[in-house]
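Novice: need a 3D model of the sequence below.
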Amino acid sequence: MWLFTRRALLAAFSLFSPVHEVNAVTELGWLPDRAMIDKIEAMLIMPDGALPLSSYRRRYGGAIEEGRRIIWGVFLLATMAPDDGEITILDHRPESLVEDGGCLIVTLKFEVVSDRVLWIQCNGQA
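Specialist: Residues are numbered from 1 along each chain as shown. Below you'll find the model as predicted:
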């Protein structure tokens, strides 16, 4: 019988997971505050095909990438995350376990220092 620790399983799984940011070096995370999230949401333009922002449960998290503070957002259609609150703020990058689904899932990358959205996009289609 094989015994694997959770860390070993996660490491093995990561070998087969798609890589989104090839050149990004991610360090420890940080916790964005609600005022920053409200500011981001006020400036957001949702991608073509996406529903209005209020249709999604939004998960935000802070990461340090190559020395820069980044806020990642994963927006899930409310029916896909019925137990989530409207907004959840984490001290790490939120992950979506689904890589497709089109605009049922939207991903955001925001750079704090430049105060700009680097990108916002719907997931791909399977």
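
Novice: report the buried residues of stretch 65-77.
Specialist: By neighbour count with 16 or more other CB atoms under 10 Å, stretch 65-77 contains the buried residues 65, 69-77. Just so you know, the C-beta spots here come from the backbone N, C-alpha and C atoms, and that holds for glycine as well.

Novice: adding distance to Pro32, write those out as a markdown table.
Specialist: Shown next, in a markdown table, are those (distance: CB to CB, whole Å):
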| residue | distance to Pro32 |
| --- | --- |
| Glu65 | 14 |
| Arg69 | 8 |
| Ile70 | 10 |
| Ile71 | 5 |
| Trp72 | 10 |
| Gly73 | 10 |
| Val74 | 14 |
| Phe75 | 15 |
| Leu76 | 18 |
| Leu77 | 22 |
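
Novice: now the chain, which segments are flagged as low pLDDT?
Specialist: Applying pLDDT under 70 to the chain flags residues 1-27, 97-100, 126.

Novice: now do the strands in it.
Specialist: 56-65, 68-77, 87-90, 105-111, 116-122 (DSSP state E).

Novice: dump those to JSON lines, plus distance to Ile40.
Specialist: Listed next are the strands of the chain as JSON lines, based on distance: least, CB to CB, whole Å:
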{"stretch": "strand 56-65", "distance to Ile40": "8"}
{"stretch": "strand 68-77", "distance to Ile40": "7"}
{"stretch": "strand 87-90", "distance to Ile40": "11"}
{"stretch": "strand 105-111", "distance to Ile40": "6"}
{"stretch": "strand 116-122", "distance to Ile40": "7"}
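
Novice: tell me which of the ones you listed lies nearest to Asp48.
Specialist: Among these, the nearest to Asp48 by CB to CB is strand 116-122 (8.0 Å).
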